[in-house]
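Participant: Okay, sequence plus prediction incoming.
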Amino acid sequence: MMVSSSRSFLRNVRFYLVLCACAATFSHAADMSVVDRWMATNSGIHSIRIDFTQTRTMRSIKMPIRQSGSLWLNYGSNQFRWQVGDPAQTIVTKFRGNLFIIRTQMKKYEKRAAGSGDVPPGLMAMATGFPRSTSEFQRKYSVQTIEVVGSAFRIVTQPKGQEGRGVKTFIFMVGRDDYRLRGMEIYLDDGSFVKTAFDRVIPNIGLPGDLFTPDLTGYKETKF
Amino acid sequence: MTRLHPIIVVTVIGAIAAFCIMRVQFSATLYEMLPADLPEVQGMDRLNRYFSRDGQLIVTVKAEEAFVAEEAIVSLSETLEETPELIGDVFRELSLMEMVTDGGGLLAWLWMNGSPEDLSELEARLSPEGSRVALAGAMDSLQNGFFDQDVVVTSYDPLGFSKIGDLLDREGSSSNPDPMTSPDGTFQVMYVEGSGVDFSNYRDAEVWLNQVKQLVESWRQEWIAIHGESALMEVGLTGTPAFMAEVGTEMEKDMTVSVVATMLLISLLFWIMHRQTRPLSWLVSAMLAILAITILIGGVIFGDLSVMSAGFAAILMGLAVDYGIVLYREAMDSGGDARELRRSVGPGIFWAAATTAVVFLSLNLSSLPGLAEMGNLVAMGVVVGALVMLYGFGPVAVSFNKGVARKSGFELTGRGATRFSSGILAILIPVLAAISMAVKEMPHLEANFHPFRIRESPSMVAWQQLQSELAGRENSVPTVVTGTSIAELREELSAANERMVMAEEKGLLVQSVMPFAFIPDPVHQRKNLPAIRKLFLEKDRLLAEINEAGFSEEGAELTQTVLNAWADYAGQLEKGQVAEPGGKLAEWSIDRLFAEKEGVYAALATVKPAEPRDREWVAAICNSNTVVASLGSLGTALNERIGKDVLRVFVPMMVVLSIMLGVVFRNWKDLVLSLFALLFTGCVIVILTVWTPMSWNSFNICGLPLLFGTGLDFSIHMIFALRRSSGDVVEARDGIGKALLFCGTSSAIGFGSLASASAYGLASLGFVCAVGILINMVVAVWLLPRWYQRLHHLSG
């Protein structure tokens, strides 16, 4: 049945590739030493806070949308919290095996099973933590090219497996001087793209206990 | 006539036979061989009749990575579309942009076909107050929401036309996974509509399929040349044209290979026994003539032959050659003319053909139409064979043997070994059989459907991969509901739904999905017409509001498509028609769930049984209008049915023949001996079944009456020969023993040549019959004479 489920019509729709990338890049052997050195900077990091600015450029809207937000990652407990707006307007956090999408102004939240496939492709990387070793990186991403753009290396990849569905390219920007992650870009099939620039990165930050388990008292569960 | 060169004779008659075989049309439809009253078989029939397209090929691509599979399927679809002489249309999963431009027609239809209550909710959302709230909410999601698939969808559908979940959930149509791509994206499917040939003809389908295969192969080579080894992927072709081409050509191959192999082996056997080539060429020609005549008559009576009937030719060859051998040997011995020859052996051949024909005709009592058809063909063939041999080969045999001194030939002896071993074996084999059954297992029927499938079928492999890769396909069973009108169809659907819900409550079903939302509902459509007209009039306002809210032209495209489609549907309704959805996506979706043919309306639902091989769930949900195309339960159903058949056919046959044997022998010892010989053969088969890979299924079990018939036949001949020779084993073996040796071996060759047949069932039938006949032959020639001596207290 082609059209079936509720969100059937477009929910199952995948982010299709425009497929304009040069096919020959499949077999391109990139210089992985950049990735090795980037991964080496992860050593000794147990938690992190990233303040970012995200720009969403979509074909279906006239003007790009710019948002600021923060991301907290606890590698030890495999938890994360992503939020935009100040004060937070949308919070996404993972706890008790579920992904919670919380809209504070609407006082509503949606609960999804983590790994249900409803989690956005590409952004899973941001939500669940970046790869911490070259082998993990290569397991998750197929590197197409690594090029120098200004003061950064531009690592153009294609996510492997389910996370790669519908993502045209997933680009990591890594500083040429310190090999630290500066930001990333996700290009989708319909021509839309999301650029996330890291404004500030604080490693091994103390994380309050309730950061990943926000109080949902007074919130109503819904399906956004 | 016998002066003709042997090669000319064989070539001319062989060419005629080959021409006849070439003209045979095989039916590639497997369910036509099965009992038509089973709901599973009716389900396959209706699924094929209403929802299958002869020319629709399913192309699958499997790659290591999702992006490789995705690019490959797009590239391959573009390549196929470039050959309009072969490909009429290609349907693959639509991209988001294609969904937006092509999906509006289906969405509009679903709203209009749904309940007025659902539409009123949409009306409220599209009202001047509601639309502004909806648009503000959509923009808020884009600005502040977690950037996921829903946000992207919302950006193209700010008024939420695609939020039809409540409508589908309520009617049980939801929760269907992606039908075109595996969850990990590494497996993709596209549907290809062929063009340019008549797909109901499997030979045309095969030619077309080979051209498509060449196209795919050259594309694959080009792909690897461009992308390298890292982008390797597998392409599979399945669906109706692939199945048809494969089954049809395999059947042709089976028939040709088995006939040729049988001919060669029988010729070799004849040459070993008689060391003559010229009569052999005439014997082969006579067999080819029998085959050609039988095929011609069979074609007229039965039309298309089924996959199982492909085996009849080899069986017929193995049986018909016996008449030729009897004639030839008699001509050698008697030295008379053709008329005398017919007078002396004609009655025997006639009765032998008649009894063999009756045994094969008894297969009509089986529930399998395919097996019955094969039985009828063989029965017809042996009668034709008797006539051709008596009136065609008989005179030839006489002319070859005129004035020729009889050759002594080889000696058939057990060298005394059977004198001692026959008694031991008579006890040992039944005891071993009993122990085998007690220690290991009782012989049983395989509980699956593979006897009717083609072995090593690439299209079946691709189909099975499709079932396992696409989420939710495993164990799902297509269920066809029919009615004589749309109203009746909807009633039947509701009733079926109630039964399915009850079956789910009882734990018989895991899930059921009904296609209510996709079945045209003229009542809803009429009721919704005023609201649809009203909404269409709001088009300019809604588009202006979308623009003002910050959405681009692309962001408004889906809304525009939906509103335009409503105008079209309103026009259809105003003309008194039932509105039909427009657009490629709508056509593709609805055609797979709803069909109208020859005044019957059909809908396709899906169920997932808890125990697919069980039949309780079938009984719980099926009636004359609701049937399931379930291969799992079909295996069980066939086993039940065939088990009953065996009892129904075999037991009465056994009783009648025992009485007849009593009348024929008029001696209880000979009657017991004859039945013991059968029991002995049965024990050997049991031992082989328990300790070797030889197995029984719902098809080859039907070979039991054939084995029973030949076993009885052989024992009667031998017992009468022993009576004539007053128990002289050497004399009996030299006469009837040699004849039985040739007949048994040639029949075994005929059946055995089917062991390599493409269809599992046919191959297994050929194998067990060949083994059984050889055992019957060995028992009759070597063991039975010694048992006869013991029982009658005669000296060796």
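Facilitator: Sure, I can see it. Numbers count the residues shown, from 1 in each chain, chains lettered A, B, ... in the order given.

Participant: CA atoms for contacts and neighbours, from now on please.
Facilitator: OK.

Participant: Can you list the low-confidence ranges for the stretch 551-700 of chain B?
Facilitator: Along the stretch 551-700 of chain B, segments meeting pLDDT under 70 are nowhere present.

Participant: sec struct for B:G185, please.
Facilitator: Secondary structure, DSSP: H, G, I helix; E, B strand; the rest coil: B:G185 is coil.

Participant: Grab the nearest non-local neighbour of it.
Facilitator: B:A66 (4.5 Å; Cα to Cα, 6 or more residues apart in numbering or on different chains).

Participant: Please apply the same query to B:G744.
Facilitator: Setting aside the residues directly before and after it, B:G744 is nearest to B:M777 in space (Cα to Cα, 6+ apart), at 5.7 Å.

Participant: how many other residues sit next to that neighbour?
Facilitator: For B:M777, the count of nearby residues is 26 (other Cα atoms under 10 Å in any protein chain shown).

Participant: can you pull the buried residues of whatever helix or strand it lives in?
Facilitator: Per DSSP states H and E, B:M777 falls inside helix B:760-778. Neighbour counts over helix B:760-778 (16 or more other Cα atoms under 10 Å in any protein chain shown) mark B:760-778 as buried.

Participant: now do stretch A:199-206
Facilitator: Neighbour count says stretch A:199-206 has A:V201, A:P203 buried, by 16+ other Cα under 10 Å.

Participant: do the same with stretch B:260-279
Facilitator: B:A261, B:T262, B:M263, B:L265, B:I266, B:S267, B:L269, B:F270, B:H274, B:R278, B:P279.

Participant: Same question for stretch B:228-247.
Facilitator: Buried-residue list, stretch B:228-247, by 16+ other Cα under 10 Å: B:228, B:231-233, B:235-247.

Participant: just checking: which of the residues you listed also lie near chain A?
Facilitator: Checking these against chain A by Cα under 8 Å from any Cα of the partner chain, the ones in range are B:G228, B:A231.

Participant: Check which helices and strands the helix holding B:M777 sits against.
Facilitator: Applying 3 or more Cα pairs under 8 Å, 6 or more residues apart in numbering or on different chains; DSSP states H and E, one finds that helix B:760-778 contacts helix B:668-691, helix B:704-724, helix B:738-752.

Participant: Tell me which of these approaches B:S421 most closely.
Facilitator: B:S421 sits nearest to helix B:668-691 of all the helices and strands packed on helix B:760-778, at 14.0 Å, using Cα to Cα.

Participant: quick revisit: and the contacts of the next helix or strand after the helix holding B:M777?
Facilitator: Once the chain leaves helix B:760-778, the next helix or strand it forms, by DSSP H and E, is helix B:784-791. When contacts are defined by Cα atoms under 8 Å, 6 or more residues apart in numbering or on different chains, helix B:784-791 is touched by residues B:418-419, B:422-423, B:669-670, B:673, B:677, B:715, B:718-719, B:722, B:727, B:729, B:795-796.

Participant: wait, which of the buried residues of stretch B:260-279 is closest to chain A?
Facilitator: Nearest to chain A, judged by Cα to the nearest Cα, of those is B:A261 at 47.4 Å.

Participant: Do I have it right that that closest one meets B:L754?
Facilitator: No: using Cα atoms under 8 Å as the test, B:A261 is too far from B:L754 to be in contact (9.4 Å).

Participant: Show me the shaky parts of chain A.
Facilitator: A:1-30, A:114-129, A:161-166.

Participant: quick one: the strands in it?
Facilitator: Along chain A, counting by DSSP state E, strands occupy A:47-57, A:65-74, A:79-84, A:90-95, A:98-103, A:108-113, A:141-149, A:152-159, A:167-175, A:181-188, A:193-203, A:220-221.

Participant: Pull the distance from the second one to the chain's centre.
Facilitator: Just to be clear, that refers to strand A:65-74. 10 Å (Cα atoms, centre = their mean, to the nearest Å).

Participant: and B:G599, how many neighbours does it have?
Facilitator: So B:G599, with other Cα under 10 Å, has 9 neighbours.

Participant: try the one 4 residues further on
Facilitator: By the criterion of other Cα under 10 Å, B:A603 has 30 neighbours.

Participant: so it sits in a helix?
Facilitator: No: secondary structure of B:A603 (three-state DSSP): strand, not part of a helix.

Participant: Need the nearest residue in space to it, chain neighbours excluded.
Facilitator: B:A603's closest residue in space is B:F594 (Cα to Cα, 6+ apart), at 4.5 Å.

Participant: now swap in A:I91 and tell me
Facilitator: In space, A:I91 is closest to A:Q83, 4.3 Å off (Cα to Cα, 6+ apart).

Participant: cool, and B:L794?
Facilitator: B:G727 (6.9 Å).

Participant: what about the one you found, neighbour count?
Facilitator: B:G727: 23 neighbours (other Cα under 10 Å).

Participant: Identify the residues contacting it.
Facilitator: Counted by Cα under 8 Å, 6+ apart, B:G727 has contacts B:P785, B:Y788, B:Q789, B:L794.

Participant: where does it fall, helix, sheet strand or coil?
Facilitator: coil.

Participant: can you give me phi and psi for it?
Facilitator: phi 90, psi 10 (degrees, to the nearest 10).

Participant: how close does it get to chain A?
Facilitator: Distance, B:G727 to chain A, using Cα to the nearest Cα, to the nearest Å: 74 Å.

Participant: swap in B:V477?
Facilitator: 13 Å.

Participant: circling back to that earlier point, wait, doesn't the residue nearest to A:I91 sit right on A:L71?
Facilitator: Yes: contact status for A:Q83 versus A:L71: in contact at 6.5 Å, counting by Cα under 8 Å.

Participant: So B:A17 is in contact with B:A292, correct?
Facilitator: Yes: with contacts counted by Cα under 8 Å, B:A17 reaches B:A292, the gap being 4.6 Å.

Participant: Give the next helix or strand downstream of the lowest-mean-pLDDT helix or strand in chain B.
Facilitator: Every helix and strand of chain B was ranked by mean pLDDT, DSSP states H and E. The lowest is helix B:165-170, at a mean of 56. Of the helices and strands lying after helix B:165-170 in sequence (DSSP H and E), the nearest is strand B:187-194.

Participant: which residues are in contact with that next one?
Facilitator: B:55-63, B:66, B:69-70, B:73, B:77, B:86-93, B:180-182, B:469-470.

Participant: And for stretch B:266-284?
Facilitator: With Cα under 8 Å, 6+ apart, stretch B:266-284 has contacts from B:6-7, B:9-10, B:263, B:318, B:321, B:324, B:393, B:396-397, B:400, B:409-410, B:742, B:746, B:749.

Participant: Mind giving me the ChimeraX command for buried ones among those residues?
Facilitator: Buried members of the contacts of stretch B:266-284, defined by 16+ other Cα under 10 Å, are picked up in ChimeraX with:
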select /B:6,9,10,263,318,321,324,393,396,397,400,742,746,749
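
Participant: that older thread, per-residue confidence for the residue nearest to B:G744?
Facilitator: Note for B:M777: predicted pLDDT of 93.

Participant: quick one: contacts for it?
Facilitator: Here B:M777 is in contact with B:G711, B:F714, B:L740, B:L741, B:G744 (Cα under 8 Å, 6+ apart).

Participant: quick one: the fourth one and B:V781 touch, right?
Facilitator: The reference is to B:L741. Yes: contact status for B:L741 versus B:V781: in contact at 7.5 Å, counting by Cα under 8 Å.

Participant: Tell me, how many residues neighbour residue 160?
Facilitator: Just so you know, I chose chain A. Neighbours of A:K160 (other Cα under 10 Å): 23.

Participant: was after chain B, sorry
Facilitator: Quick note: B:G160 (other Cα under 10 Å) scores 20 neighbours.
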